[in-house]
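> turn this into a model:
(one chain, ligands or ions: 1)
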Amino acid sequence: MAAFVGRATKQGLLRAKPTLLNQQATFISFSSKTKKRVAWIFGSLALGGGAVVATALAQPAFASDLVLHPPHYPWNHKGLLQALDHGSIRRGYQVYKQVCAACHSMQYLCYRNLVNVIMTEEEAKAEAEEATIEDGPNENGDMYERPGKLSDHFPSPYKNEEQARAANNGAYPPDLTYIVPARHGQEDYIFSLLTGYAEPPAGVKLMEGQHYNPYFPGGAIGMAEALYNEIIEYDDGTPATQSQLAKDVVTFLRWAAEPEHDTRKLYGLRAMIICSFLLGVTYYMKRHKWSVLKTRKLAFKPPTYKK
Ligand code: HEC
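From the prediction side, this is the model:
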């Protein structure tokens, strides 16, 4: 502080000899001009600080801020080197197909994406053929329907957004392909949302077709609780509890949003191994190349003049 005042007032307090008498004398000799300058500095500092505090206090509190943050769950694919649980992806696809697909589209996913991840090629072909896809126009200019192929995208349950809203009390069920990275809290949020339905607390009024979920911003969500214990039966015999269904569908949704997840981590690991090896080689080369410059000795030999 003394240095700051000293600099600001050009009095050179720090340079003064450290005797009490001397310093006192220096302070007493403040001119009125200097005093004004100090007053200006402190005045503007106080004003600036006041402005910052005022801006911070003027932030409004939104009702949507009153949202329950989901806890962090130990997902088995969250670690730096951990792959997705593929059994879980397979079960999650079953949950999506039998429960969520009634209302939610996943239009960026094709049947061919399922091959070698969720099922074999033959199974995926059979799966695609179960769906009816609108194609066309044919040579008469008409649209026609045909069984699905591997190259087809998943069909949407509704023709357009308006139809989707009309069927769900005005709420729009979003496409689920990229929903996991699209929501704050990601997997933890979707899991908590699916398992977090509760009775509305006293004082909370819901409109018709709304349900109470403390994890949804605002609390009132247009989606009814979709998962219950034993709502479906898993092909692999895993007990289909609500939390198991939610965990599996969330793992499936993470895979859908990021099918390259496992390859990305594998390549990351390879890159780290190769780069750490190269780092050692680079360090050695650097030392080697600079050794001549760094070990040279400069000597000054004063010239000798003849008298
Ligand atoms: C009966 C129809 C229906 C079913 C079945 C359904 N949902 Fe929904 N879902 C909706 C509607 C409607 C909304 C929009 C809610 C809103 O905006 O208030 C929604 C919203 C969502 C959201 C977005 C929440 C947000 O933060 O915006 C997610 C995630 C979601 N559903 C996941 C699922 C999953 C996973 C399943 C299957 C287990 C599922 N839903 C089953 C109708 C449904």
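
> regarding the chain, what is its longest helix?
Identified as the longest helix of the chain according to DSSP state H is helix 261-295.

> now that one: mean pLDDT?
The pLDDT scores in helix 261-295 average 96.

> also stretch 158-169?
pLDDT averaged over stretch 158-169 gives 94.

> in the longest helix of the chain, what counts as buried?
262, 265 (16 or more other CB atoms under 10 Å). Every residue, glycine included, has its C-beta placed from N, CA and C.

> what's stretch 152-162 in contact with?
Identification of contacts with stretch 152-162 by CB atoms under 8 Å, 6 or more residues apart in numbering yields 101-111, 128, 131-133, 148, 164, 167, 172.

> now the nearest residue in space to Asp188 that is not next to it in sequence: which helix or strand?
With sequence-adjacent residues excluded and distances taken as CB to CB, 6 or more residues apart in numbering, Asp188 is closest to Pro70, at 4.1 Å. Secondary structure from DSSP states H and E places Pro70 outside every helix and strand.

> how far away is Pro70 from Ser192?
According to CB to CB, to the nearest Å, Pro70 stands 4 Å off from Ser192.

> ok, now Glu208?
As judged by CB to CB, Glu208 and Ser192 stand 25 Å apart.

> same check on Glu145?
Using CB to CB, Glu145 is found at 39 Å from Ser192.

> what do you get for Pro217?
13 Å.

> so which of the two has more stuff around it?
Ser192 (21 against 15; other CB atoms under 10 Å).

> any residues touching whatever helix or strand that one lives in, and which ones?
Using DSSP H and E, Ser192 sits in helix 186-195. Residues from elsewhere that reach helix 186-195, judged by CB under 8 Å, 6+ apart: 68, 70-73, 75, 179-180, 183, 185, 213, 215-216, 221, 226-227, 242-243, 245-247, 249-251, 253-254.

> I appreciate the help and will end here.
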